[in-house]
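[1] Requesting a structural model of the entry that follows:
(one chain, ligands or ions: 1)
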Amino acid sequence: MNYDIVVVGSGFFGLTIAERCANELGLKVLVIDKRDHIGGNAYSETDPVTGIEVHTYGAHLFHTSNERVWRYVNRFTSFTPYVHHVYTTHDGVVYPMPINLGTINQFFHASYTPDEARALIAEQAGELAGQDPQNLNDKGISLIGRPLYEAFIKDYTGKQWQTDPKDLPASVISRLPVRYTYDNRYFNDTYEGLPTHGYTAWLETMVDSPDIDVLLSTDFFDESQPYHRAALVGRVPIVYTGPIDRYFDYSAGALAWRTIDFTTEYPETGDFQGTAVMNYPDLDRDYTRIIEPRHFHPERDYPADKTVIMKEYSRFAEEGDEPYYPVGTPEDRRRLLAYRDLAAREEGVVFGGRLGTYQYLDMHAAIGSALSVVDNVIVPHVRDGVPFD
Ligand code: FDA
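    Predicted coordinates:
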């Protein structure tokens, strides 16, 4: 074995581990990925028709308040000053999201002050006062009142889950943010922006080291290739960022995910919707939102007469689909605990990333979590011989 460590999966979690092991610890690293490109879900590519950078696995906006992560990522890329905003088309009218004073005043055709709006929403949310909401519908009403919930949340959530919100557990939402100012920045973080030269350039810089080898189109469970599970486990430290249930051959059952189908269209215009993300919360359309990626980079010299859009359709993932968002039913949580037990006993393998831990992680969280694994597991192992697990 020519490698000191093998990383399974080249998403942000895996690449952060690989980069730190090579450049900070001087280890020889092998990264394998079953896809034919690095970067996991953050990967982007140039649309062949328009030349516009498209985020292949859904819109990816970088944002963080974590100083360490921000310093770390700036080693590999600079960021544009892009600030993310989302709009939503309800009943033929466009509103700013997340719900803020602008949304409220537009919706109620009013000019409420922050205090007046707060009092109105509190009154409307009081409809179910004293009751413990048993489903998502009641929870939504008790958080922001029926009018706003039914306009902006109810059917959107129903489309996301392909399930009537009355049949979804209240736990699907813990809070629905309402801002009593006109601030409609989508993220609250200290830092945000998009990588100046695109995600793929950023990701490639992370693995640009003579101590990192990358093997693509290589599945860790494919025994016909040399770097598979049975050949490696126990022989070399492994950081595994694939699905945790797959690693244990689904012995405690498959964990449930939601997935998204994307359709790509080329409307005959240079600007289809005037913004990057437009939500469609009503039932008159099957899709949940439309992404127009040209708006992620207004600073770029994109063609003025062409554009590309992606419509997003949400559904439960079946075998072979891309797992995007963990469903997290009580059954899933029971299964996850069983897998965590197995993972704790699997010597020489560290499980990480969104698939390896079955949780939604933003990019900054995946990177921050990988930096912690380097600090808490890999450095003690390399410097002091502490067992790798
Ligand atoms: P990731 O899934 O990226 O990488 C895992 C890798 O492991 C994949 O490349 C996969 O091919 C590989 N793999 C799996 N099984 C394997 C096997 N058996 N053998 C070899 N390789 C294997 N975040 C954010 O900050 N802002 C945003 O706007 C968004 N937007 C967004 C939209 C959508 C639709 C999704 C689903 C997610 C986001 N994210 C996001 C989250 C972001 O995608 C996430 O933080 C990173 O993907 C996490 O990186 P990981 O390395 O954990 O997983």
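
[2] Might you report the residue contacts of Gly102?
    Gly102 sits next to Tyr95, Pro96, Tyr182, Asn184 when contact means C-beta atoms under 8 Å, 6 or more residues apart in numbering. Where you see a C-beta, it was placed from the backbone N, CA and C, and this is true even at glycine.

[3] immediately after the helix or strand where Lys159 lies, which helix or strand?
    Using DSSP states H and E, Lys159 sits within helix 155-161. Beyond helix 155-161 on the C-terminal side, the first helix or strand identified by DSSP H and E is strand 191-193.

[4] Check the offset of that next one from the chain's centre.
    Using C-alpha atoms, centre = their mean, to the nearest Å, the mean C-alpha position of strand 191-193 is found 16 Å from that of the whole chain.

[5] The helix or strand that that strand is followed by vs the ligand: in contact?
    Scanning the chain past strand 191-193 towards its C-terminal end, the next helix or strand to appear is helix 199-206 (assignment: DSSP H and E). No: applying C-beta under 6 Å from any ligand atom, one finds helix 199-206 separated from the ligand by no less than 9.9 Å.

[6] could you give the mean pLDDT of helix 199-206?
    Confidence over helix 199-206, taken as the mean pLDDT, stands at 97.

[7] quick one: secondary structure of His116?
    Heads up, residue 116 is Glu, not His. Under the three-state scheme (DSSP: H, G, I helix; E, B strand; the rest coil), the conformation of Glu116 reads as helix.

[8] what about the nearest residue to Asp91 once chain neighbours are set aside, how many neighbours?
    Residue nearest to Asp91 in three dimensions, not counting chain neighbours: Asp282, with 6.7 Å by C-beta to C-beta, 6 or more residues apart in numbering. Close neighbours of Asp282, defined as other C-beta atoms under 10 Å, add up to 17.

[9] re earlier: emit the PyMOL select command for whichever of the contacts of Gly102 are buried.
    Buried subset of these, written as a PyMOL selection, criterion 16 or more other C-beta atoms under 10 Å:
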select buried, resi 95+96+184
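
[10] among the contacts of Gly102, which two are most distant?
    When these are compared pair by pair using C-beta to C-beta, the two farthest from each other are Tyr95 and Tyr182, 12.4 Å apart.

[11] Get me the contact residues on this structure for the ligand.
    Counting by C-beta under 6 Å from any ligand atom, the chain sits next to the ligand at 8-14, 32-35, 40-42, 57-62, 219-221, 241-242, 260, 324, 353-355, 361-364, 366.

[12] Narrow these to those in strands?
    Counting by DSSP state E, the members of the residues of the chain next to the ligand that fall within strands are Val8, Ile32, Phe62, Ile260.

[13] Could you count how many residues lie near the last one?
    Going back to what we said before, that points to Ile260. Taking other C-beta under 10 Å as the neighbour definition, Ile260 ends up with a count of 21.

[14] check contacts around the residue in the stretch 51-200 of the chain positioned nearest to the ligand.
    The ligand sits closest to Gly58 of the stretch 51-200 of the chain, with a gap of 2.8 Å, by C-beta to the nearest ligand atom. Gly58 sits next to Asn41, Ile260, Phe262, Ile291, Glu312, Tyr324 when contact means C-beta under 8 Å, 6+ apart.

[15] Please convert the buried members of the residues you listed into PyMOL selection syntax.
    Selection of buried members from the contacts of Gly58 for PyMOL, criterion 16+ other C-beta under 10 Å:
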select buried, resi 41+260+291+312+324
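
[16] any chance of the contacts of Gly58 in JSON lines, plus pLDDT?
    As requested, those are exported to JSON lines (pLDDT from 0 to 100):
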{"residue": "Asn41", "pLDDT": "97"}
{"residue": "Ile260", "pLDDT": "96"}
{"residue": "Phe262", "pLDDT": "97"}
{"residue": "Ile291", "pLDDT": "98"}
{"residue": "Glu312", "pLDDT": "97"}
{"residue": "Tyr324", "pLDDT": "94"}
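
[17] Who are the packing partners of the longest helix seen in the chain?
    The helix that spans the most residues within the chain, counting by DSSP state H, is helix 330-345. Helices and strands in packing contact with helix 330-345 are listed as helix 244-247; criterion 3 or more C-beta pairs under 8 Å, 6 or more residues apart in numbering; DSSP states H and E.
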